Structure formats: C-alpha cells, structure tokens
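In: Please work out how this folds:
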Amino acid sequence: MYKLKTKETENSVIEFIEAVEKEKKKEDAYQLLDIFTEATGLPAKMWGSSIIGFGSYHYKYASGHEGDAPLVGYSPRKAKISLYFATGLTNRDELLKEFGKHTTGKACVYINKLDDIHIDVLKKIISESVQFLKETYPENE
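Out: Below you'll find the predicted structure:
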C-alpha cells in the first residue's frame, strides 16, 4: 500500500531557509515566503523535509488513494526553485504564458531565480490556486 511521505511537520521554515547554501537562492526563498504569505493570508509550514507549504486540503481520488497536501508551496532546491500550484486550474497554461522564464513538470513549475518571472503573475497564480482548491475540496474549510 502506498504511504504518503510528504506530511506537514513542526520543523522551522526559517531554519530550513537559513540552511540554503547559495545566498541568492536564500534571498529568493525569503522573498517567496513574503509573497506566498501575503497572497494566501496563511502561515508557512514545512511539509516533509524540503517543501514550504501554505494551508492544506484533503484529497481523495477515484482509485481510493487519499491524503493531505499544501494548497500552494515552494522549495528552494539545489538545481531550481520548485513552485507548487493547483494542477487542475483551468487558466494555468494562460497564466504561465505571462509568467516569465520557467519550465514545468507534471505538477511543479521550476524557476532559476525570482528575477526571471513576473511577481504579479505569481501572486495571481497563488491566489487562483488556493481559491480553486478550496472550491474543489470544500470539506476542508
């Protein structure tokens, strides 16, 4: 049976950011902390050992697989900064066209640094992701 690895922890967000080795990435991580906090109105929490998440929701798939995840989040990884937004957001692709320099994976958006993207578009994606997930999973309110 699948066991969910990424769970909310009591680890310190600030201690995690302070451990980021590259100074520019650390600065970006602090700036993202402010942006996500402002856009969500929610406190930052560590999810697993490396994801800074905001809020949470409980999902359940038709397969029966279920779990909890942050509404939105980010992680200042060694190679790139990973941004986590709602994948089901209908206008996600449109917003990402205006986002700036990035790549996408199955569920993540990757950036090298904040200077490469438009912060106003980031805030819009964060807000719309939170709204979408709260509407999709209303039992979490």
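
In: per-residue confidence for residue 4?
Out: At residue 4, the pLDDT value in this model is 55.

In: and residue 74, bridged to which residues?
Out: residue 52, residue 83 (DSSP bridges).

In: Can you tell me how far residue 80 is from residue 100?
Out: Computed as Cβ to Cβ, to the nearest Å, the residue 80 to residue 100 distance reads 13 Å. From N, CA and C alone the C-beta is placed, and that goes for glycine too.

In: List the contacts of residue 87.
Out: Under the criterion of Cβ atoms under 8 Å, 6 or more residues apart in numbering, the neighbours of residue 87 are 106-107.

In: Now do the same for it: helix, strand or coil?
Out: At residue 87 the chain is in coil, as set by DSSP: H, G, I helix; E, B strand; the rest coil.

In: before we move on, what about residue 68?
Out: Following three-state DSSP, residue 68 is assigned to strand.

In: That one bridge partners, please.
Out: As for beta bridges, residue 68 partners with residue 58 under DSSP bridges.

In: Against residue 31, how distant is it?
Out: Remark: distance between residue 68 and residue 31 (Cβ to Cβ) = 27 Å.

In: More neighbours: which of the two?
Out: Higher neighbour count among residue 68 and residue 31: residue 68, with 15 against 12, using other Cβ atoms under 10 Å.

In: isn't that one right next to residue 53, touching?
Out: No - at 9.8 Å, residue 68 does not count as touching residue 53 under the criterion of Cβ atoms under 8 Å.

In: what about residue 14, helix or strand, and which?
Out: Secondary structure from DSSP states H and E places residue 14 in helix 13-18.

In: List the buried residues for whatever helix or strand comes next after that helix?
Out: As assigned by DSSP H and E, the chain's next helix or strand after helix 13-18 is helix 23-40. By neighbour count on 16 or more other Cβ atoms under 10 Å, the buried set for helix 23-40 is 25, 28-29, 32-33, 35-36, 39-40.

In: I am finished for the moment; much appreciated.
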